[in-house]
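In: pasting the sequence and the predicted model now:
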Amino acid sequence: MSQTVQRAIQVLGLIGEQPSSIEQVASFMGTHRSTALRTLQVLEAEQMVVRDSHNVFRLGRRVISLANAALENIDLRSVAAPFLTKLSHEVEHTIHLAMLEGDTVVYIDKREAKQAVRMYSRIGNAAPLHCTGVAKAIVAFLPLEDQERIASGIDFVAHTENTLANADDYFADLRVTIERGYAIDHLEHEPWVNCIAAPVFEASGEAIGSVSITATTLSCDCETLLTMVPQLFEASFGISREFGWTGNEPANHEV
């Protein structure tokens, strides 16, 4: 990849996270202001970014259009939509849909909670593999060789004091996830968030995605969240059956 293309992609990533001025882009790129401006002007000409009256750049409509087109072409998202909406109405907490892309788990849809406090998660972002329910719910149901390859690439960054610290703890957690049929993130990614997540299977029986219910500790404690596992299973297995999955649902919903 040429340096020019690479810089342009990196700048789009920066602006996607936070609208930025020319000076901020130059600082990020480690270049002179004039170089940053040339990159921004190219992106602006292609409608990938737009600038406001204060010379602050934001993502342009072409990026948004491309992103929406990509998401619309993901079958899992469209198939899951009615199930997510129903689940959101039933539990009134944040609902996430994630899918496996290579060795990465990515959020592809979301229903916000009814409460005022919102989750920081964004559609399109990757979910940390070792400390989020949506990721563990997928990885647990992959073939062992895939689990080992994925685990070998995890840095096991400690987000909270509950974050899994090493591969041994990770594999132990995956085994428990398989036994009960769903994953738990108990204050592992954020110190004020609990999550339960169940896998979505395709016809072959392989996990291709996951559905989660996520709640802040202010709105729902972990014990109460666990009582929502039946509704979570209804959504995840309903989506799975739409993909031709004919497996058996767990008979026991207890932890």
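Out: Thanks, I have the structure now.
In: from Phe243, how far off is the closest residue to Lys86 other than its chain neighbours?
Out: With CB to CB, 6 or more residues apart in numbering as the criterion, Lys86 has its nearest non-adjacent residue at 7.0 Å, and that residue is Ala235. C-beta here means a position set from N, CA and C on the backbone, and glycine is covered the same way. Plainly put, Ala235 is 13 Å away from Phe243 if you go by CB to CB, to the nearest Å.
In: which one's more surrounded, these two?
Out: Neighbours per residue (other CB atoms under 10 Å) separate Ala235 from Phe243, with Ala235 holding more: 26 against 17.
In: wait, the residue nearest to Lys86 sits on Thr85?
Out: No: counting by CB atoms under 8 Å, Ala235 stays clear of Thr85, with 9.7 Å between them.
In: state the mean pLDDT of stretch 184-194.
Out: Throughout stretch 184-194, pLDDT has a mean value of 95.
In: about what we covered before: got a list of contacts for the helix or strand where the residue nearest to Lys86 lies?
Out: Element membership for Ala235 (DSSP states H and E) is helix 229-242. Helix 229-242 has contacts (CB atoms under 8 Å, 6 or more residues apart in numbering) with 76, 79-80, 83-84, 86-87, 90-91, 181-182, 196-202, 209-213, 245, 247, 249-250, 253.
In: common neighbours of Ala235 and Phe243, please.
Out: With CB under 8 Å, 6+ apart, Ala235 and Phe243 have no common neighbours.
In: so where's the stretch 51-200 of the chain shaky on pLDDT?
Out: Counting by pLDDT under 70, the stretch 51-200 of the chain contains low-confidence ranges at 71-74, 115-120.
In: can you map out the helices along it?
Out: 61-72, 75-91, 133-139, 144-152, 167-180 (DSSP state H, counting those that start in this stretch).
In: now do the residue nearest to Lys86 against Ser219, distance only.
Out: Distance from Ala235 to Ser219, by CB to CB: 19 Å.
In: got it, and Trp245?
Out: 32 Å.
In: neighbours around the residue nearest to Leu14 when sequence neighbours are not counted, how many?
Out: Residue nearest to Leu14 in three dimensions, not counting chain neighbours: Phe28, with 5.2 Å by CB to CB, 6+ apart. Neighbour count of Phe28, defined by other CB under 10 Å: 16.
In: I'd guessed Phe28 sits against Gln10; true?
Out: Yes: counting by CB under 8 Å, Phe28 touches Gln10, with 7.5 Å between them.
In: overlap in contacts, those two.
Out: Here Phe28 and Gln10 have no joint contacts, going by CB under 8 Å, 6+ apart.
In: that older thread, which phi and psi values does the residue nearest to Leu14 adopt?
Out: With angles defined as degrees, to the nearest 10, Phe28 sits at phi -60, psi -40.
In: over to Gly209?
Out: Dihedral angles of Gly209 (phi, psi; degrees, to the nearest 10) stand at phi -170, psi -170.
In: hang on, it packs against Val200?
Out: Yes: look at Gly209 against Val200 with CB under 8 Å: they come within range, at 4.0 Å.
In: residues that sit against both of those two, list them.
Out: Common contacts of Gly209 and Val200 (CB under 8 Å, 6+ apart): Leu76, Ala80, Ile239.
In: any idea which residue of this protein is furthest from its center?
Out: Largest separation from the mean C-alpha position in the chain: Ser34, at 36.0 Å (CA atoms, centre = their mean).
In: helix, strand, or coil at that one?
Out: helix (DSSP: H, G, I helix; E, B strand; the rest coil).
In: so Cys220: helix, strand or coil?
Out: Assigned state for Cys220: coil (three-state reduction, three-state DSSP).
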